[in-house]
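1. Structure, please.
(chains A and B)
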Amino acid sequence: MIRVFFAEWRKLRRPTLFLGTMGAVAAVTALVTSVLFLLIDSRNGNGREGRTITRQTLELPHGLSLGFSTSAGLLGLVALCIFASQTAQEYTHGTLRNLLVRQPKRLTLLLGKFISMVSFAMVTVIISAVVSISLAFGLSGKAKVITTAWTTGDARIAFLHTFINVFLSVIAYGTVGMILGLIFRAPIPAISLGVAWLLIVENIIAATVKHSGRWMPGQLITTISSGGDITASYLHAMWVVSAYLVLGVVVVSVLFRRRDVAN
Amino acid sequence: MSTQSNPELAISVKDLTKIYGDRPAVSHANFEVPLGTVCGFVGPNGSGKTTTMRMLLGLITPTGGTGVILGQPINHPERYLHRVGAMIEGPAFYPALSGAENLRVLATLGGYETDQVQGLLERVGLGDRGDSKYKTYSLGMKQRLGIAAALLPNPQLLMLDEPTNGLDPAGIQEIRELLRDLANEGTTVFVSSHLLSEIEMISDSLVMLRKGEVIFAGKTQDLLLRQQPTIIAKSSDPQDLTKLLEIAHNAGHEGTIIDGAAHILGPTDWAPILNKMAFDAGITLSQLAPMLPSLEETFFEMTGDSE
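-> Numbers count the residues shown, from 1 in each chain, chains lettered A, B, ... in the order given. As a prediction, the model looks like this:
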């Protein structure tokens, strides 16, 4: 398992992938956090989907983490793309046969790859957190947000909760990506279908069918990242998302273990 | 799936079969490859060579039959693959990584020393290109990198699928020498090709496949013994060729006319006798050449196919 982990990291650490991804994550987080503080008085809102997050809300202990948690959806999409492409490209490059000759235990290979990508996702979450927190302190003065509550124990606990929730949501998005990668065995259909479903289809269904958001995986993963919201409770979201993912993982594990590697 | 293992054999398969839908890709294949030898695995494109190799490497589940690799059944590839090097259906690597880094990925995965990567690159003639990205490699260089990857585990058994594809004649010669050297060091080499002429020189034994069925499995020498020596004779007058065939037939040698020359079955030392008989019959020969058919021709003769 540990050998699979380090072998996968040799691919993940290549500069174009690693620096490109981390740069994109930092940029996206910076954008979201900047909008949150710099458009605080805008009538068009400063939060997700045009919502307004007031100065008073930002001054609360969890206000420090709001930029970070708002970035979770975008971090999730990055994770979905990375997990899907790193998995599916083994088929398109034909490299899966090399991997299986060197590690014939297929489920060990799959789990090692997954853990490796989870650690990669952890780095993206840490970078996002660092950028968001730094910018929050940096922009608080310009936005006239009082930061006294941000340095309290409550703020640290709120940040820890946010970090765990964002990390869990990113892993959930990544797992969806890996499942799609294993089903489609090609990065482009896996990523395009995943992104189209999560960004477009789910939002259309959620807007047109009442309470459907309570059962949509993408909506519920977002609920997890924010620690529960008007769509569903945190616990409900955790249970439903876990059920979807376990089902998906079992199906693709059986497929991966049994399917002939003929390309 | 169980089968008795013989410690003298690197590969042993019995009734190995793979059926896709109702089409048998490999049908009841039976052959053995002794340890420490070079075995050529030959057959036209689409004859089932790659499918057989994939089954031996645990990439494809056989529909039927059994197989033993290095004493272990093929349904437990984890028991023998650490001693096997393989390149199947051409090289496959990550385009954005360098050749050396690609090898390090596989070395890390297999638990082999990454320090040996440069040495392996030099062994296959890529010593100065290891740091170049794989996507910049020519087909021949990719093929060499594939062979280097197969050598990573210092294998007891090396399985190579068409390793000379894309190589120039000098490269083909180098690969032949490398395979022979590996066999001399004790590695069993199982190498496939659709061109028998490419590997007949280095193969101790041959397995010939046609339409998924093994049509010959044995020592190359045994196949050589099946070769019928032929005398090729030409005359300036084409009508003399028919007369020449008649003379040969009366002397107990059969022949036929191919491309304006008489091809008469007979040993080399019968050629001067044929020459004298032709002269006595008033036929002047412009060419008289005894020759052995290639193994490829013998192969086609055995299979009754001239493709």
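
2. need the residues of the stretch 101-250 of chain A near chain B, please.
-> A:101-105 (C-beta under 8 Å from any C-beta of the partner chain). Quick note: C-beta positions are derived from backbone N, CA and C, even for glycine.

3. could you dump those to a markdown table with secondary structure?
-> Listed next are those as a markdown table, based on DSSP: H, G, I helix; E, B strand; the rest coil:
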| residue | secondary structure |
| --- | --- |
| A:101 | helix |
| A:102 | helix |
| A:103 | coil |
| A:104 | coil |
| A:105 | coil |
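
4. So which of the residues you listed is the closest to residue B:158?
-> Of all these, residue B:158 sits closest to residue A:101, with 11.8 Å by C-beta to C-beta.

5. how near is that closest one to residue B:18?
-> Distance, residue A:101 to residue B:18, using C-beta to C-beta, to the nearest Å: 18 Å.

6. Of these two, which one has the most company?
-> residue A:101 (27 against 24; other C-beta atoms under 10 Å in any protein chain shown).

7. Residue ranges in the stretch 151-263 of chain A under the pLDDT threshold?
-> Across the stretch 151-263 of chain A, the ranges flagged by pLDDT under 70 are A:263.

8. and residue B:188, how many neighbours?
-> Residue B:188: 25 neighbours (other C-beta under 10 Å).

9. For it, list each beta-bridge partner.
-> With DSSP bridges applied, residue B:188 shows beta-bridge pairing to residue B:157.

10. Isn't it up against residue B:160?
-> No. Taking contacts as C-beta atoms under 8 Å, residue B:188 lies outside contact range of residue B:160: 11.5 Å.

11. how about the nearest residue to the residue of the stretch 51-200 of chain A found nearest chain B, chain neighbours excluded?
-> Nearest residue of the stretch 51-200 of chain A to chain B: residue A:94, at 3.4 Å (C-beta to the nearest C-beta). In this structure, residue A:94 finds its nearest non-sequential neighbour in residue B:92, 3.4 Å apart by C-beta to C-beta, 6 or more residues apart in numbering or on different chains.

12. so the one you found sits in a helix?
-> No. Residue B:92 is assigned coil when assessed by three-state DSSP, not a helix.

13. So what does it have for phi and psi?
-> phi -140, psi 120 (degrees, to the nearest 10).

14. Model confidence score at residue B:203, please.
-> With respect to pLDDT, residue B:203 scores 84.

15. got it, and residue B:251?
-> If you check residue B:251, the pLDDT there is 85.

16. Now do the closest residue to it other than its chain neighbours: how many residues are near it, please.
-> Closest residue to residue B:251 apart from its sequence neighbours, by C-beta to C-beta, 6+ apart: residue B:277 at 6.9 Å. A count of nearby residues for residue B:277, using other C-beta under 10 Å, gives 16.

17. Chain A versus residue B:277, what's the distance?
-> 59 Å (C-beta to the nearest C-beta, to the nearest Å).

18. For residue B:271, list the residues it contacts.
-> Taking C-beta atoms under 8 Å, 6 or more residues apart in numbering or on different chains, we find residue B:271 in contact with B:231, B:288, B:290.

19. Equivalent analysis for residue B:146, please.
-> So residue B:146 contacts B:87, B:90-93, B:163 (C-beta under 8 Å, 6+ apart).

20. Most neighbours out of the residues you listed, which is it?
-> residue B:163 (29 neighbours).

21. That residue contacts residue B:143, doesn't it?
-> Yes. Using C-beta under 8 Å, residue B:163 is in contact with residue B:143, at 6.4 Å.

22. Relative to the whole chain's centre, how far out is stretch B:8-17?
-> Mean-position distance between stretch B:8-17 and its chain equals 17 Å (C-alpha atoms, centre = their mean, to the nearest Å).

23. could you give me the average pLDDT of that stretch?
-> Here the average pLDDT along stretch B:8-17 is 91.

24. near chain A, which residues of the stretch 51-200 of chain B?
-> Within the stretch 51-200 of chain B, the positions near chain A by C-beta under 8 Å from any C-beta are B:54, B:57-61, B:77-78, B:81, B:84, B:86, B:88-90, B:92-97, B:101, B:104-106, B:108-111, B:149, B:152.

25. Which parts of the stretch 101-250 of chain A are strands?
-> Secondary structure of the stretch 101-250 of chain A (DSSP state E, counting those that start in this stretch): no strands present.

26. actually the stretch 201-307 of chain B, sorry about that
-> B:205-210, B:213-219, B:230-235, B:255-258, B:261-265, B:285-291.

27. Give the buried residues for the fourth one.
-> When burial is assessed from 16 or more other C-beta atoms under 10 Å in any protein chain shown, strand B:255-258 yields the following buried residues: residue B:255.

28. which strands and helices sit next to it?
-> With contacts taken as 3 or more C-beta pairs under 8 Å, 6 or more residues apart in numbering or on different chains; DSSP states H and E, strand B:255-258 sits against helix B:239-250, strand B:261-265.

29. Tell me which strands that strand pairs with, and in which orientation.
-> Strand pairing (DSSP bridges) places strand B:255-258 next to strand B:261-265 (antiparallel).

30. which other residues reach the partner strand?
-> B:228-234, B:241, B:244-245, B:248, B:253-257, B:274, B:287.

31. If any of these are buried, put those into a ChimeraX selection.
-> Per 16+ other C-beta under 10 Å, the buried members of these correspond to this ChimeraX selection:
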select /B:229,230,231,232,233,234,241,244,245,248,253,255,274
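
32. contacting residues around residue A:103?
-> A:3-4, A:109, A:112, B:109-110.

33. which residue is nearest the middle of chain B?
-> Centroid check for chain B by C-alpha atoms, centre = their mean gives residue B:40 as the closest residue, at 3.4 Å.

34. Buried ones among the residues of the stretch 51-200 of chain B next to chain A?
-> B:54, B:57-60, B:77, B:81, B:84, B:86, B:88-90, B:92-94, B:96-97, B:101, B:104-106, B:108-110, B:149, B:152.

35. So which of the residues you listed belong to helices?
-> B:54, B:101, B:104-106, B:108-110, B:149 (DSSP state H).

36. Report the separation between the residue nearest to residue A:94 and residue B:46.
-> From residue B:92 to residue B:46 the distance is 20 Å (C-beta to C-beta).

37. distance between the ends of stretch B:84-100?
-> For stretch B:84-100, the separation between the terminal residues is 20 Å (C-alpha to C-alpha, to the nearest Å).

38. before we move on, the earlier item: in CSV, list the ones in helices among the buried ones among the residues of the stretch 51-200 of chain B next to chain A along with distance to residue A:11.
-> Output for these, formatted as CSV (distance: C-beta to C-beta, whole Å):
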residue, distance to residue A:11
B:54, 24
B:101, 9
B:104, 10
B:105, 6
B:106, 11
B:108, 10
B:109, 11
B:110, 15
B:149, 15
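
39. Check what pLDDT residue B:262 gets.
-> 86.

40. what's the answer for residue B:193, then?
-> For residue B:193, pLDDT reads 84.

41. That one: neighbour count?
-> Neighbours of residue B:193 using other C-beta under 10 Å come to 21.

42. Now do the contacts for the closest residue in space to it that isn't next to it in sequence.
-> Excluding the flanking residues, the one nearest residue B:193 by C-beta to C-beta, 6+ apart is residue B:199, at 5.0 Å. By C-beta under 8 Å, 6+ apart, the residues touching residue B:199 are B:38, B:40, B:42, B:176, B:191, B:193.

43. Mind listing what's buried along the host helix or strand of residue A:3?
-> For residue A:3, the host element (DSSP states H and E) is helix A:2-12. The neighbour-count check on helix A:2-12 (16+ other C-beta under 10 Å) flags A:3-5, A:7-12 as buried.
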